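**Student:** Next one to model:
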Amino acid sequence: MRHLVLLFLVALLGISSTSLAGVISPARIMLVDGDVLFRTPDDTEWLTATVNTPLDEGDALWTPNDSRTEIQLADGTVVRIDGGTQLDLIAVEDGFTHLHLARGNLYLRTSAHAGSNSLQIDADDTTVLPDARTRLRIDMLPDNQEDVAIFKGSAYVEGNGSRTKVRAGEHIALEEGHNELLQLNPPDSWERWNRDRDRIQSLATSSDSNLPDELRPYTGELNASGQWVRVPDYGMVWRPTVILSDDWAPYRSGRWVWKGDDYVWISYENWGWAPYHYGRWAVFSGFGWCWVPPARGDIYWGPGYVGWYRSGNHVGWTPLAPGETFYGRRNYGRHSATSVNSPVNSLAIQYRNRNVRGGFSVLLENDFLRGRAAFQKPAGAMSVSLGSPRIQPTRESRMPIIRQTPPRVAPPEIWNRDRRELRERFPRVIPENDRNRRPQQPAVTTTPVPTQPGVTPEVDRHQRPQPSFVSPSPAPAPPRTTQEVIPYRHPRQPTAATPAPAPFPAIRPQEQPSSRQQSTGRIRSATDKGNVSSPEHTEHELPANPVPAEKQLAPQGSLRQGDQAIGQGARATRQPREVKQRRVWRVTTTEPYNTNEPKDKDSREQRRSR
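**Tutor:** Predicted coordinates for the structure are as follows:
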């Protein structure tokens, strides 16, 4: 009996652990405007990307100048990056995606189905945790400044050792040792382009969907490119209506690309993501080829649901019909089996779609590796192959489209960091329960600049709105905060204690404010630098010891696992830097805070040009 048990355990150990786990749906490139390049962890070369290129954990994207791209995550969240931007995918897990903005500009629209803490975006010194139904942009500007603007919804923004709740109509600017809440800047061409894309996608999305909940984000593009019809036995199925030839068939307009450890189908059709990586295909009388969505509860992303054939130097495939078994390297749901050491006799397998018009595609092995659509007639008898063809991939087989990268679009020399290194520098943030909220030091509320009716002011993103000039208040009562801080830490990692800040220096006699100024002071903005000779630009200081040291609110400690306390570095792997003591101000404005979006003005382009 012991020998039988040992043999059983050895057999279990011989089964690959990856074959027992389902495949996590990768992100995909949804739109390509210009030249877009991507790089995988296995390659050091930047390759040209196309629509429907899958993006897995460890991949990186680069958009040269005058180029843009749009990425769709598994839950329907849309991420867009502008020209001159590099984006790294640190983690693509079940229910969680972690992105790193190495440089450039990013726009985000989270899905209504996005879960709590399902997305984290890290820049150089900023972490953004957006909520569901949120629209925001992140801009990495010169002089180590990072801006986060919220157009809809809300997000928690971490920077300089504190975490701020930023809501719609607010814009937070973060630079070394200083955070500031501001009004939204006038929209530029990048923001207007994103608004147009959001409007188009919202109009195409219908509240009624024939798809399972996991596939509802693809409703809009399927409705725009086809129609739903009802057929016997299967109910509602989808058929494309934008095909360009009478002999059209699935899995023919595109190519097989080696990615990871398998050949993955990349369709050149805009709608060709869900119909080729989920469900099955069948031919119905009066409708032709139709896609049958997967059943609810059996949603598994696959590299391409086809049956494979081999004969000499020929490779063939046919779309799988509903109920037919897919043989792959892992678990792909109820109608799947692993091709590793499978006991199935391939001679007994008969695929129903092989004899349908366009249902059997055959290529020479060399054409298969290079992505040439030079389809051949079957050369004699071709036998069924369990799993994708075991052909050694070449350099061309890794390219979604065979094209050399022009020198003008080659990415700059950016430090190519390993995924593990990025994970160590930017660990996942795990916030604590909302009931542990504590108030934070208030941000400066700015005064709107008066303008003539019908005239949009010229706004430069390097110039921030001027806060109202007020004097330090003698009253020690804390003002109403405009930010919220939620202390958080990684599991099993206690938050480091931080000593109380030193008292503020005493105010000098020549800088005494007038009796008409009854607020708490003014923080000099970035535009005041170099202009301190005028009395109206003088930075006032608080009286000495306005609050006893033992009662002062200590600044928040490090908010990441492995970080040191404030003043000793915001990241565990970055060089230490000095963080200046922040002062507490209470500011009043002459006009109420205006959350309406200003009129159009291409100010951000002027700022980036500097």
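**Student:** So what's the residue count around the nearest residue to residue 372 once chain neighbours are set aside?
**Tutor:** Once flanking residues are discounted, residue 372 sits nearest to residue 363: 7.3 Å by Cβ to Cβ, 6 or more residues apart in numbering. In this view, the C-beta of every residue, glycine as well, is placed from N, C-alpha and C. Neighbourhood size, residue 363 [other Cβ atoms under 10 Å]: 22.
**Student:** Quick check: residue 363 vs residue 148, distance?
**Tutor:** According to Cβ to Cβ, to the nearest Å, residue 363 stands 48 Å off from residue 148.
**Student:** Could you do residue 116 as well?
**Tutor:** Distance from residue 116 to residue 148, by Cβ to Cβ: 19 Å.
**Student:** Which one's more surrounded, those two?
**Tutor:** residue 148 (24 against 9).
**Student:** The more buried one in helix, strand or coil?
**Tutor:** strand (DSSP: H, G, I helix; E, B strand; the rest coil).
**Student:** hang on, isn't it packed against residue 165?
**Tutor:** No. Residue 148 sits out of contact with residue 165 when judged by Cβ atoms under 8 Å, with a separation of 11.7 Å.
**Student:** what's the overlap in contacts for these two?
**Tutor:** Each of residue 155 lies in contact with both residue 148 and residue 165 under the rule Cβ atoms under 8 Å, 6 or more residues apart in numbering.
**Student:** just to revisit the earlier point, tell me who's in contact with the residue nearest to residue 372.
**Tutor:** Residues near residue 363 by Cβ under 8 Å, 6+ apart: 314, 315, 316, 372, 373, 374, 375, 376.
**Student:** Just give the number of residues close to the nearest residue to the second one once chain neighbours are set aside.
**Tutor:** In other words, residue 315. Among residues not flanking residue 315 along the chain, residue 368 sits closest, at 4.6 Å (Cβ to Cβ, 6+ apart). If you count neighbours by other Cβ under 10 Å, residue 368 ends up with 23.
**Student:** Contacts only, for residue 271.
**Tutor:** 221, 222, 224, 225, 226, 240, 242.
**Student:** ok, residue 67 to residue 106 distance?
**Tutor:** Going from residue 67 to residue 106 by Cβ to Cβ gives 14 Å.
**Student:** My error: substitute residue 172 in the last question.
**Tutor:** Taken as Cβ to Cβ, the span from residue 172 to residue 106 is 15 Å.
**Student:** what ranges do the helices span in the stretch 251-400 of the chain?
**Tutor:** With DSSP state H, counting those that start in this stretch as the definition, the stretch 251-400 of the chain shows helices at residue ranges 274-277, 365-370.
**Student:** neighbours of residue 240, just the number please.
**Tutor:** Neighbouring residues of residue 240 were enumerated by other Cβ under 10 Å; the total is 19.
**Student:** for this structure, which spans come out with low pLDDT?
**Tutor:** Regions of the chain meeting the criterion pLDDT under 70 cover residues 1-23, 206-207, 340-342, 379, 407, 412-417, 431-610.
**Student:** which element follows the top helix by length along it toward the C-terminus?
**Tutor:** Across the chain, the longest stretch assigned as helix under DSSP state H is helix 189-204. The helix or strand immediately downstream of helix 189-204 is helix 219-225, counting by DSSP states H and E.
**Student:** Can you list the buried residues in stretch 305-318?
**Tutor:** 305, 306, 307, 308, 309, 310, 314, 315, 316, 317, 318 (16 or more other Cβ atoms under 10 Å).
**Student:** got the end-to-end distance for it?
**Tutor:** 9 Å (Cα to Cα, to the nearest Å).
**Student:** Can you check my assumption that residue 248 lies in a helix?
**Tutor:** No. Assessed with three-state DSSP, residue 248 is coil; it does not lie in a helix.
**Student:** partners of the host helix or strand of residue 101 in the sheet?
**Tutor:** If you go by DSSP H and E, residue 101 is part of strand 96-103. Strand pairing for strand 96-103, using DSSP bridges, gives strand 85-93 (antiparallel), strand 119-122 (parallel).
**Student:** Adding distance to residue 336 as columns, could you present these in TSV?
**Tutor:** Output for these, formatted as TSV (distance: least, Cβ to Cβ, whole Å):
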stretch	distance to residue 336
strand 85-93	21
strand 119-122	29
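**Student:** Pick the most buried one from those strands.
**Tutor:** strand 119-122 (a mean of 24; mean count of other Cβ atoms under 10 Å).
**Student:** which residues sit against that one?
**Tutor:** Strand 119-122 has contacts (Cβ under 8 Å, 6+ apart) with 73, 77, 90, 96-101, 106, 108, 110, 127-130, 138, 426, 428-429.
**Student:** For those residues, which ChimeraX command selects only the ones that are buried?
**Tutor:** Filtering these down to the buried ones (16+ other Cβ under 10 Å) takes a single ChimeraX command:
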select :73,77,90,97,98,99,100,101,106,108,110,127,128,129,130,138,426,428,429
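**Student:** Understood, closing this out.
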